[in-house]
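Participant: what follows is a predicted protein model with its sequence.
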Amino acid sequence: MNEEFNVSPEDFKKLPPDEAQDNENIAGPSLSFGQSVWLQLKKKKSAIVSAVVIILMVLIAFGSTPFINNKTLVKSHPQYANLPAKVPGMSAINGLNGKLKQGDKWVNVYEQNHIPKDKYFFAGTDYLGRPLGQRIIYGTKISLIVAFVAALFDLTIGVLYGIVSGWKGGGVDNGMQRIIEIISSIPNLVIVVLMLVVLKPGMMSIILAIAISSWTTMARQIRAETLTLKNQEYVLAARNLGQSSWKIALKHLVPNLSSLIIIQMMYTIPTAIFFEAFLSFIGIGISAPQTSLGVLLNEGQKNFQFLPYQMWFPAIVLCVLMIAFNLLGDGLRDALDPKSRR
């Protein structure tokens, strides 16, 4: 036993200064804020997959503009009306091989209507013979435009309004919050209906409705956070040094509010997508012959009992789009806000 614990004078020699310092160092590698956020975000596989899905959908929707536009989508081809989806190499999968279930049997509609063998419609056609796949891509683009416009209003009106309200405080804050309460008390649907009195149903009425009411949630959250940040030591020091309110807002408030802004925008986008789809579905948003995901759902539900694919495909795209933005928002919330990490 004693031999196992024998020590020699060599064991008591001083270590070199650099090596001794390394042994005492318990700090981890230095990471920037962006690197820390990326490391946390990578742990959320669902958020990474959602980001990839969103990027692909955005590229497909906006990259198809030279080939798919509103003029090409209104052209009807009666000889191709109500054809189911047909994808090359998917002949063994019913629903993707040009077959449609009629009664208890799967019937090859392409052969029944004498469609050339080299003719494919990846998502089928509608009652006028228009390619449903192209209409879904264009409808996704319209829905994304509405969503990005809503995010833009959040980023401009909502952030600016919230910072001014929280920074000024007192009577100014009370007055600005009463305005928000009045706007929030009016349902978005009522605002859209009022817009229709002046404008025709379409993109402009939806954008105006979003511009009037969509930014209030962002403004409230920014205002609450600004009330906390304006009493921090670094902000008080900047004020004592004579910095103007605008410089303090740009240098101190906005960087510290950036995580809240990004997270809220990620939740605003799917809300706007659903809002547009809902309005178009009930007929007071974008209307035919123009197309959007809501218009496609409205047209598809009329034939859902016999031609379910006309509703299923746009519904799946809408669900994937909304779920992807929500999952990405959850991942960014956990990555940007350490308090919310589980």
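Facilitator: Yes, it's here.
Participant: just the strands in the stretch 51-200 of the chain please.
Facilitator: If DSSP state E, counting those that start in this stretch is used as the criterion, the strands of the stretch 51-200 of the chain fall at 99-102, 105-108.
Participant: quick one: list the elements packing against the first one.
Facilitator: Helices and strands touching strand 99-102, as assessed by 3 or more C-beta pairs under 8 Å, 6 or more residues apart in numbering; DSSP states H and E, comprise strand 105-108. Heads up, the C-betas are built off the backbone N, CA and C, glycines and all.
Participant: got it, and the last one?
Facilitator: Taking 3+ C-beta pairs under 8 Å, 6+ apart as contact, the helices and strands that strand 105-108 lies on are strand 99-102.
Participant: could you list the paired strands of the strand it packs on along with their orientation?
Facilitator: Paired neighbours of strand 99-102 in the sheet (DSSP bridges): strand 105-108 (antiparallel).
Participant: how far is the strand it pairs with from where the chain is centred?
Facilitator: In terms of C-alpha atoms, centre = their mean, to the nearest Å, the centre of strand 105-108 is set 39 Å apart from its chain centre.
Participant: buried sites along that strand?
Facilitator: Neighbour counts over strand 105-108 (16 or more other C-beta atoms under 10 Å) mark no residue as buried.
Participant: please pull out the lowest mean pLDDT helix or strand from this structure.
Facilitator: Lowest mean confidence among the helices and strands of the chain (mean pLDDT, DSSP states H and E): helix 17-24, at a mean of 54.
Participant: past that helix, which element shows up next along the chain?
Facilitator: For helix 17-24, the succeeding helix or strand toward the C-terminus, using DSSP states H and E, is helix 33-42.
Participant: tell me what that next one is packed against?
Facilitator: With 3+ C-beta pairs under 8 Å, 6+ apart as the test, helix 33-42 has helix 45-63, helix 309-336 packed against it.
Participant: now the angle between helix 33-42 and the first one, please.
Facilitator: Spelled out, it's helix 45-63. An angle of 100 degrees separates the directions of helix 45-63 and helix 33-42 when computed by axes from the mean of the first three to the mean of the last three C-alpha atoms, to 10 degrees.
Participant: CA atoms of helix 45-63 as PDB?
Facilitator: The C-alpha atoms that make up helix 45-63 are tabulated as PDB, following Å, rounded to 0.1, in the frame of the first residue of the first chain:
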ATOM      1  CA  LYS A  45     -33.500  19.800 -35.300                       C
ATOM      2  CA  SER A  46     -37.100  20.700 -36.000                       C
ATOM      3  CA  ALA A  47     -36.200  24.400 -36.300                       C
ATOM      4  CA  ILE A  48     -33.400  23.600 -38.800                       C
ATOM      5  CA  VAL A  49     -35.600  21.400 -40.900                       C
ATOM      6  CA  SER A  50     -38.300  24.100 -40.800                       C
ATOM      7  CA  ALA A  51     -35.800  26.700 -41.900                       C
ATOM      8  CA  VAL A  52     -34.800  24.500 -44.900                       C
ATOM      9  CA  VAL A  53     -38.400  23.900 -45.800                       C
ATOM     10  CA  ILE A  54     -39.200  27.700 -45.700                       C
ATOM     11  CA  ILE A  55     -36.200  28.500 -47.800                       C
ATOM     12  CA  LEU A  56     -37.100  25.900 -50.400                       C
ATOM     13  CA  MET A  57     -40.700  27.100 -50.500                       C
ATOM     14  CA  VAL A  58     -39.600  30.800 -50.900                       C
ATOM     15  CA  LEU A  59     -37.200  29.900 -53.700                       C
ATOM     16  CA  ILE A  60     -39.700  27.800 -55.500                       C
ATOM     17  CA  ALA A  61     -42.500  30.400 -55.100                       C
ATOM     18  CA  PHE A  62     -40.500  33.500 -56.100                       C
ATOM     19  CA  GLY A  63     -38.100  31.700 -58.500                       C
END
